[in-house]
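> My questions are about this predicted structure, shown below with the sequence.
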Amino acid sequence: MQLFYNPNINTNEEYFTFDKVESKHIVKVLRKQEGDTVYITNGKGFLFESILINSNEKKCQVAIKSFQKEAKSLNYNLHIAIAPTKNIQRLEWFLEKATEIGITEITPILCKRSERKIIKKNRLEKVLISAMKQSLKYTLPKLNEMISFSEFIKINQSKNSFIAHCIDNEKYSLKQALQFAKPKENITILIGPEGDFTLTEITFALDNKFKAVSLGNSRLRTETAGIVAVQSVAFTFE
């Protein structure tokens, strides 16, 4: 199934018109003809089945036949706050795979040891959209603007908040820590930069009700640690 994305379509629509870029893709690339079925998601959990009624390559129009709510919505709300990697492609890989596995929200955080201090949010959102469509999901993860580590700690409201770090001190395994979380509760996990969080950052998080967790015995790259965290939550609540 070829899935299209447009955040503006809603359940009250009877007809929908694509922009020039999508219209050209539907008509010229996919060679869709009038009468063909076109599937659309608004990234908010809905799938729309429509029929192509106007194959204009600049202003393609469909009639909405039916819509349905995503049947297999996540049984958890996972927010990963992660320090962007120096190589942006590694962060993009994380976003792609996390979307495929299942994630609710991502916040890029600026830490003391961060190697990347600027991101292009529009570019990263395109990665999320592509991964959502490829994996046939109907809910687009929320991507926030980059903020400082300390600011994120201050505004975090999650009851189940964890910081994954490599310093050898008392901490749960993430698997153990997740036993205290219930389905549909908010879960927040902090993933640090290459070189890890500083002791000052870890202490600040712990003082603000974060719990220290381990992702295993191996020392992981930032994006790998992020995926391990996402997969651990998915396995726990599937």
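Arrived safely. Numbering: from 1, shown residues only.

> Okay, helices next: where are they in this structure?
Counting by DSSP state H, residue ranges of the helices within the chain are 20-24, 88-101, 121-134, 149-155, 174-177, 199-207, 222-237.

> excluding its backbone neighbours, what's nearest the residue nearest the centre of the chain?
Nearest to the mean C-alpha position of the chain, counting by C-alpha atoms, centre = their mean, stands residue 141 at 3.6 Å. Counting by C-beta to C-beta, 6 or more residues apart in numbering, residue 103 is the residue found nearest to residue 141 once chain neighbours are left out, at 5.0 Å. Where C-beta positions appear, they are placed from N, C-alpha and C, glycine not excepted.

> how long is stretch 191-206 end to end?
Across stretch 191-206, the terminal residues are separated by 14 Å (C-alpha to C-alpha, to the nearest Å).

> what sits against the residue nearest to residue 141?
Counting by C-beta atoms under 8 Å, 6 or more residues apart in numbering, residue 103 makes contact with 78, 80, 141, 230.

> now residue 187
76, 77, 78, 79, 158, 160, 161, 162, 178, 181, 233.

> what's the answer for residue 6, then?
16, 18, 22, 40, 42.

> Need these in a markdown table (columns: neighbour count).
Listed next are the contacts of residue 6 as a markdown table, based on neighbours: other C-beta atoms under 10 Å:
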| residue | neighbour count |
| --- | --- |
| 16 | 19 |
| 18 | 25 |
| 22 | 16 |
| 40 | 22 |
| 42 | 20 |
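
> domains in this structure, as residue ranges please.
The chain breaks down by automatic domain parsing into domains covering 3-69, 77-237.

> how long is the first one from one end to the other?
Distances were taken as C-alpha to C-alpha; on that basis the terminal residues of domain 3-69 are 15 Å apart.
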